[in-house]
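Asks: give me a model of this one.
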Amino acid sequence: MSGAMLRMSQADHVARAIIERLDGKVVLGLPLGLGKANHIANALYARAAMDPSISLRIFTALTLTPPEPGSLLEKRFMGPILERTLGGYPELAYAQAQRGGGLPPNIEVDEFFLQAGMWLNDPEVQQNYISANYTHASRYILDRGCNVVAQLVAKDARDGAESYSLSCNTDLTLELLKAKAEGRTDLILVGQVNSELPYMPGAAELPPEAFAMMLEGPEVEFPLPGPPKQPVSLTHYAMGFHVASLIPDGGTLEIGIGSMGHAVAHALILRHRQPARFAEILKALAPPDDQLERHTAPFEKGIYAATEMFVDAFLELYRAGVLKREVDGAVLDAAFFLAPRDFYAALRDMPLEERGKFRMTDVGFVNELHGADFDKRVADRKGARFVNNAMIATLLGAVASDALEDGRVVSGVGGQYNFVAQAFALPDARSIMTLPASRQASDGPESNIRWSYGHTTIPRHLRDMVVTEYGVADLRGARDSEVIARMLEVADAAFHEDLAGQAKAAGKLPASHQIADFAADNTAEALGERLAPFRKAGDLPPFPFGTEMTEVEQALAPALQTIKAAAASKTGVAALALRGVTAGRPDERVRDALSRLGLDQPKGVAERLYARLVRGAMAEP
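Replies: From the prediction side, this is the model:
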């Protein structure tokens, strides 16, 4: 503990006090994602930018930066949605400087996890990226001499006893405070109160004396950022149903953010509420001679979550009675959270005792097994299924999830390796990697399953289960030739011949090998046909847990995706524009969409072209 806490209402006063206390040499730790004390960080940046004698080094991860829409259509479509989900969030000054051309010489920023795809073409950010497992980040922070952590906190004053909660980011801060208690660092903790942040009880709670300074006041309040919900595609739904059938009742689950997590959660809820319908959809997706152990029954015992990230999908599973197996009174242990804005409101509105079922703790607890309570962690995490997203998988089972072949970082390793390692350390656990079998590149379709790839996140000796929209490849303990054969069975049929040829040329697959007949139907068209009745019946809604989009925006979203795909070639744009001209008089749905984009009365060549493209994309086939 650090003694009496200094209370301040001006961020610049906090920054000045920090700089004076640390003699102008500030090594600032900012929590990952949501938990950054933005006003304090910006005030420190402003002072350092004006005074070259101040040294400011920032160590952080996942700096939340609003995306910059490219085309006129994207700007007009995304503008109002971004205002609803990110409006009012104060952008971090160091990120603005990085986007604007660079940082001053006396300011450095190191990140170990990047906002996905945001910094691919920024050399400074790419060069300063630190590749690290999430569980190793705290030691790197300490090694760099971190002397202050600035964190967003929640405040509670029940019964006159004032206390604070680390809320969304117990992950590394608890580990750093433990190091301080053990005398391994003398860093100071500085807080910034945010009234929208849910007060999470338990290990997240700290007394006032744990903080050296606290910033609080109306001028430093701001709405929490909430990444908008993404529509769940048929591809993700297919993967989600496969994954949901691999999760045993009474087991343990880890999933990540985004539409893939929503697909898994929706499939699990359907399995729980309508097991016969779930089995029917799974039958439409699984190969005819499927030998995998599939789970289709409702959840009697329920599942428990041990996950680094508490995503909104877990809250939906809890509400549905799927997430209900308790471990020491908790249905979930997590290290941080970041979710749409309705998630924060739901936690704030929940009674404190119930909120305690969602236990925020240090990242080492959820991402690792070693510790004094090793045996208990192993027993508690029975039947674990760790579900993570990949970008590329090789025919031999290696996975790339964080960077491109040329070394540019898309996001980061985070905790993915930790969970894969746990899957092999636990007696009945599995690692499940999900990836679409192919993607649309600028010059046409590309397979996400390759013979080889120039970057690896998870090596082939840790290969386990790989799930695409076409099925599940069970790779654990299999021979290389078996692994290749199973990966081919879940690859897009358009790439079968080339992939198999490369494997045969390398002598890793028998020259006589024939890909299973059912895999010839591994096409987007065939998948769409198999799932069409279920989508029509409402079993596969684009937004299973609601959306920030209006009905007009929901109708527009797939049309804009069609336009984006057509923009890959001049002929594609011309064909879509011609379709818009010949589509006839626009109906009310199309007129509303054009009005939403300000194209109902287009002016100039560009607006007229965009209006035709929208009409073409929304025309009934």
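
Asks: now do the helix or strand hosting residue 556, average pLDDT.
Replies: Taking DSSP states H and E as the criterion, residue 556 maps to helix 551-566. Confidence over helix 551-566, taken as the mean pLDDT, stands at 88.

Asks: show me the domain layout of this structure.
Replies: For the chain, whose domains are defined here by automatic domain parsing, the residue ranges read 6-220, 234-525, 551-618.

Asks: the shortest one: end-to-end distance?
Replies: Same thing as domain 551-618. 14 Å (C-alpha to C-alpha, to the nearest Å).

Asks: okay if I get the domains of the chain as JSON lines plus distance to residue 535 and mean neighbour count?
Replies: To be clear about C-beta, it is placed using only N, CA and C from the backbone, and glycine gets the same treatment. Rendered in JSON lines, the data for the domains of the chain read as follows (distance: least, C-beta to C-beta, whole Å; neighbours: other C-beta atoms under 10 Å):
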{"stretch": "domain 6-220", "distance to residue 535": "23", "mean neighbour count": "19"}
{"stretch": "domain 234-525", "distance to residue 535": "7", "mean neighbour count": "19"}
{"stretch": "domain 551-618", "distance to residue 535": "12", "mean neighbour count": "16"}
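
Asks: any idea which of those domains gets closest to residue 544?
Replies: Relative to residue 544, the nearest member of the domains of the chain by C-beta to C-beta is domain 234-525, separated by 4.0 Å.

Asks: for the closest one, the distance to its chain's centre please.
Replies: For domain 234-525, the distance between its averaged C-alpha position and the chain's averaged C-alpha position is 13 Å (C-alpha atoms, centre = their mean, to the nearest Å).

Asks: equivalent analysis for stretch 171-186, please.
Replies: Between the mean C-alpha position of stretch 171-186 and that of its chain there is a distance of 27 Å (C-alpha atoms, centre = their mean).

Asks: quick check: mean pLDDT across it?
Replies: The pLDDT scores in stretch 171-186 average 97.

Asks: got the CA coordinates for that stretch in PDB?
Replies: Output for stretch 171-186, consisting of C-alpha atoms alone and laid out as PDB, is shown next (Å, rounded to 0.1, in the frame of the first residue of the first chain):
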ATOM      1  CA  ASP A 171      -5.300  -9.000 -15.800                       C
ATOM      2  CA  LEU A 172      -1.800  -7.500 -15.300                       C
ATOM      3  CA  THR A 173      -2.500  -4.900 -12.700                       C
ATOM      4  CA  LEU A 174      -3.000  -7.500 -10.000                       C
ATOM      5  CA  GLU A 175       0.300  -9.200 -11.000                       C
ATOM      6  CA  LEU A 176       2.100  -5.800 -10.800                       C
ATOM      7  CA  LEU A 177       0.700  -5.000  -7.400                       C
ATOM      8  CA  LYS A 178       1.800  -8.500  -6.200                       C
ATOM      9  CA  ALA A 179       5.300  -7.700  -7.400                       C
ATOM     10  CA  LYS A 180       5.200  -4.400  -5.500                       C
ATOM     11  CA  ALA A 181       4.000  -6.200  -2.300                       C
ATOM     12  CA  GLU A 182       7.000  -8.600  -2.700                       C
ATOM     13  CA  GLY A 183       9.400  -5.700  -3.100                       C
ATOM     14  CA  ARG A 184      10.200  -6.400  -6.700                       C
ATOM     15  CA  THR A 185       9.100  -2.900  -7.900                       C
ATOM     16  CA  ASP A 186       8.100   0.400  -6.300                       C
END
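
Asks: surely residue 340 meets residue 226?
Replies: Yes - in this structure, residue 340 is within contact of residue 226 by C-beta atoms under 8 Å, at 4.3 Å.

Asks: about what we covered before: so which elements touch the helix or strand that comes right after the helix holding residue 556?
Replies: Reading on from helix 551-566 to the C-terminus, the next helix or strand found by DSSP H and E is helix 570-582. Judged by 3 or more C-beta pairs under 8 Å, 6 or more residues apart in numbering; DSSP states H and E, the packing partners of helix 570-582 are helix 551-566, helix 604-618.

Asks: now the ones you listed in TSV, with distance to residue 52?
Replies: What follows is these, written out as TSV (distance: least, C-beta to C-beta, whole Å):
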stretch	distance to residue 52
helix 551-566	44
helix 604-618	45
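
Asks: out of the domains of the chain, which is closest to residue 545?
Replies: With C-beta to C-beta, the closest approach to residue 545 among those belongs to domain 234-525: 5.3 Å.

Asks: and residue 382, what does it touch?
Replies: Residue 382 sits next to 250, 251, 252, 426, 428 when contact means C-beta atoms under 8 Å, 6 or more residues apart in numbering.

Asks: about what we covered before: what's the overlap in contacts for residue 340 and residue 226?
Replies: Taking C-beta under 8 Å, 6+ apart as the contact criterion, the common neighbours of residue 340 and residue 226 are 85, 548.

Asks: ranges for the helices of the stretch 101-250 of the chain?
Replies: Counting by DSSP state H, counting those that start in this stretch, the stretch 101-250 of the chain has helices at residues 123-128, 137-143, 173-181, 234-244.

Asks: quick one, what contacts residue 240?
Replies: With C-beta under 8 Å, 6+ apart as the criterion, the residues that contact residue 240 are 232, 260, 262, 263, 264, 265, 266, 267.

Asks: look at it and report its pLDDT.
Replies: According to the model, residue 240 scores 98 on pLDDT.
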